[in-house]
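> model this:
(4 chains)
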2 protein chains.
Amino acid sequence: MIQQVSEKQAREAVGDDPRERLLLAAGREFAERGYEAATVRDICLAAGANGAAVNYYFGDKRRLYIESVKHAHEQRVRQVPEPKWAPGTPPQQKLRDFLGNTLERMLGFGQPPWQVRLMLREVLQPTEACRELVEDYFRPHFDLLVSILAELAGSRLDEPHLRRLAVSVMGQCFVYRAAGDVVGMLVPEEELATLHTLDELADHVSAVTLAALGAGPALTLSTGSHTAAASESRSL
Amino acid sequence: MIQQVSEKQAREAVGDDPRERLLLAAGREFAERGYEAATVRDICLAAGANGAAVNYYFGDKRRLYIESVKHAHEQRVRQVPEPKWAPGTPPQQKLRDFLGNTLERMLGFGQPPWQVRLMLREVLQPTEACRELVEDYFRPHFDLLVSILAELAGSRLDEPHLRRLAVSVMGQCFVYRAAGDVVGMLVPEEELATLHTLDELADHVSAVTLAALGAGPALTLSTGSHTAAASESRSL
DNA sequence: AATTGATTGAAACGCCTGTTTGAAACGGTG
DNA sequence: CACCGTTTCAAACAGGCGTTTCAATCAATT
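Numbering: from 1, shown residues only, chains lettered A, B, ... in the order given. Below is the predicted model:
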């Protein structure tokens, strides 16, 4: 009874397309529990659809999963588009903006985005959906980073070395998404709230990278907001 | 028939303790397939034990899992112990050694160690076994890194900032373990074989960290083996 | 050799899974 | 209104899951 009311609400909020509702519910469930642990029944219940609907629209649990991954990734790209810069923007600021954007995508301050959790599962244990995800979503982002690093490096580093540095940069962000719980256990709570926020981390990774490139000073204690772009949302 | 022969072989190779055999088979299976997808039946088959054995020795699939995680981690610690240095060893070399050790643990050149895969699952999605894993295994390693960084930083950085940098350092290694497949898709194959080997990566992360600390030069193309300790196993 | 407690074995138990079924309800078209 | 392809539904299906059962076996003690 109560179930039916919330079904109707969900139906009206999301739209009347049952296929869409299934994709959404499936994404959430797969992200939360993983492929094996998520059940078709729970997904259909959450989507307000019958158990046979998944078979009707997707034929299969596996194909529902693949479609839900693609769906989530398309949705996420629309949510956090890549930053654009006016020509002549200094590469230091580009790097800082890029890192803010990346951390926003990964950590998704506001609400923890299930889409990212779902994509993370693909990264950690690639299935059929992964290759597509890399080409459409990760590669452009990664190439953009490489181009920014190239601007900063001048002719001191070639593309292979730039790519390796780019992996280092992404790794520093990625660890907070993938191993956030462990980081939370290793670092005191009050430190997490002050030094490991989105803005602070963007500044920090930016500083490390610039120093590695010889395009900025080494780390010091007085690294408040050494880049102009950092002064947007200071919450603490 | 053939099954029974291999059972006997496994029994003799590993030792006659069925509990041990179960822990080993369980670790391998859980690491490969994940908790939900791994079945008690397969584990018992691989261990050459009866289906009732897991209930007899551990009572439960969940408790078997927890015990197998602990077992794997204890085993892994014995396999790759932390490096020890003579007093007076320069911190630059300590850092390089530490990174080689860390990457060895994580990437486990030689054979891909299922123990690490199993622990990785705990890191990404902590269960009951995680807290213990962090305190016994990760925290000492992490603290050691922080102490090395402290030596290198002198008084330029305080502990909170050192910890943040330590997360950056670990992140650069971690990304290769957790997202290795995606890295492999983003970086050309010949580059992987030359610039992303264990030794090369240890040199690279070391160089980035030293530059960030102001304890070393910025990255350049001629970074062969800028630290003396790097000249052990040059394979390419 | 008999007894006892610990261990192993084959079989079965519910339960929950993904999937299928066939009929009912729907919604536009003649 | 009758028609018909599309979509929904409740119910059931076979199969695999973790777990339990209880008798058979083993190893050591009496």
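> Near DNA strand D, which residues of chain A? Just list them.
A:18, A:49-53, A:56 (Cβ under 7 Å from any atom of the strand). Yep, even glycine has a C-beta here, placed from its N, CA and C like the rest.
> Using PyMOL, define a selection of the buried residues within those residues.
What follows is the PyMOL syntax selecting those of those that are buried according to 16 or more other Cβ atoms under 10 Å in any protein chain shown:
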select buried, chain A and resi 18+49+53
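> Out of the residues of chain A next to DNA strand D, list just those in helices.
Among the residues of chain A next to DNA strand D, the members found in helices (DSSP state H) are A:18, A:53, A:56.
> Export the residues of chain A next to DNA strand D as TSV, with columns for pLDDT and distance to A:Leu195.
Supplementary listing: the residues of chain A next to DNA strand D in TSV, determined by pLDDT from 0 to 100; distance: Cβ to Cβ, whole Å:
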residue	pLDDT	distance to A:Leu195
A:Pro18	91	46
A:Ala49	94	45
A:Asn50	94	50
A:Gly51	91	48
A:Ala52	94	52
A:Ala53	96	47
A:Tyr56	96	51
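> Of the residues of chain A next to DNA strand D, which pair is most distant in space?
A:Pro18 and A:Gly51 (12.6 Å; Cβ to Cβ).
> Centre-most residue in chain A?
For chain A, the residue nearest the mean C-alpha position is A:Met106 (2.9 Å; Cα atoms, centre = their mean).
> correct me, but it touches A:Gln172?
No: with contact defined as Cβ atoms under 8 Å, A:Met106 does not reach A:Gln172; the gap is 10.8 Å.
> how about the residues of chain A near DNA strand C?
Residues of chain A that fall close to DNA strand C, judged by Cβ under 7 Å from any atom of the strand: A:38-42, A:51-52, A:54-55, A:59-62.
> Let's see the ChimeraX selection covering just the buried ones among the residues you listed.
Entered in ChimeraX, the line below selects the buried ones among the residues of chain A next to DNA strand C, by 16+ other Cβ under 10 Å:
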select /A:38,40,42,54,61
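> quick one: which of the residues of chain A next to DNA strand C is nearest chain B?
Nearest to chain B among these, counting by Cβ to the nearest Cβ, is A:Ala38 at 9.2 Å.
> leaving aside the residues next to it on the chain, what's closest to that closest one?
What sits nearest to A:Ala38 in space, not counting adjacent residues and going by Cβ to Cβ, 6 or more residues apart in numbering or on different chains, is A:Glu29, at 4.3 Å.
> Point out the least confident one among the residues of chain A next to DNA strand C.
Across the set of those, A:Gly51 stands lowest in pLDDT, at 91.
> ok now do that residue, which residues does it touch?
A:40-41, A:44 (Cβ atoms under 8 Å, 6 or more residues apart in numbering or on different chains).
> For the nearest residue to A:Asp42 once chain neighbours are set aside, list the residues it contacts.
Spatial nearest neighbour of A:Asp42, chain neighbours left out: A:Glu29 (5.9 Å); criterion: Cβ to Cβ, 6+ apart. By Cβ under 8 Å, 6+ apart, the residues touching A:Glu29 are A:38-39, A:42-43, A:46.
> what's the pLDDT at A:Glu29?
Per-residue pLDDT puts A:Glu29 at 97.
> again, but for A:Thr127
86.
> That one and A:Ser68, how far apart?
A:Thr127 is 12 Å from A:Ser68, where distance means Cβ to Cβ, to the nearest Å.
> Which one's more surrounded, these two?
Between A:Thr127 and A:Ser68, counted using other Cβ atoms under 10 Å in any protein chain shown, A:Ser68 has the larger neighbour count: 26 against 14.
> Quick check: the more buried one vs B:Trp85, distance?
50 Å.
> got it, and A:Glu135?
45 Å.
> A:Leu45 too?
For A:Leu45 relative to B:Trp85 (Cβ to Cβ), the value is 58 Å.
> same deal with A:Thr89?
46 Å.
> Equivalent analysis for A:Leu152, please.
Per Cβ to Cβ, A:Leu152 is found 35 Å from B:Trp85.
> For those two, indicate the residue with more neighbours.
For A:Leu152 versus B:Trp85, neighbours defined as other Cβ under 10 Å are more numerous around A:Leu152 (22 against 13).
> ok, now which ones touch that one?
A:Leu152 touches A:91-92, A:95, A:209-210, A:213, A:215, counting by Cβ under 8 Å, 6+ apart.
> Neighbour-wise, which one of the residues you listed leads?
Neighbour counts for those, by other Cβ under 10 Å, peak at A:Thr209, which reaches 29 neighbours.
> Isn't that one up against A:Leu145?
No: using Cβ under 8 Å, A:Thr209 is not in contact with A:Leu145; the gap is 9.6 Å.
> anything in contact with each of these two?
Among the neighbours of A:Thr209, those also in contact with A:Leu145 (Cβ under 8 Å, 6+ apart) are A:Val169.
> ok, A:Ser222 - contacts?
The contact partners of A:Ser222, by Cβ under 8 Å, 6+ apart, come to none.
> Please compute how far the helix or strand containing A:Glu151 lies from its chain's middle.
Element membership for A:Glu151 (DSSP states H and E) is helix A:139-153. Its chain's C-alpha centre and that of helix A:139-153 lie 18 Å apart, by Cα atoms, centre = their mean, to the nearest Å.
> buried set for that helix?
A:141-142, A:144-146, A:148-153.
> which ones are touching A:Arg66?
If you look again at residue A:66, you'll see it is Ile, not Arg. By Cβ under 8 Å, 6+ apart, the residues touching A:Ile66 are A:127-129.
> Now do whatever helix or strand it lives in against helix A:139-153, angle only.
According to DSSP H and E, A:Ile66 maps onto helix A:61-79. Per axes from the mean of the first three to the mean of the last three Cα atoms, to 10 degrees, the angle that helix A:61-79 makes with helix A:139-153 is 40 degrees.
> Touching the helix or strand just after helix A:61-79 from outside, list them.
Later in the chain than helix A:61-79, the nearest helix or strand by DSSP H and E is helix A:91-107. The contact list for helix A:91-107 (Cβ under 8 Å, 6+ apart) reads A:76, A:80, A:82-83, A:85, A:116, A:141, A:144-145, A:148-149, A:151-152, A:169-170, A:173-174, A:176-177, A:180, A:198-199, A:201-203, A:205-206, A:209-210, A:215-216, A:227-230.
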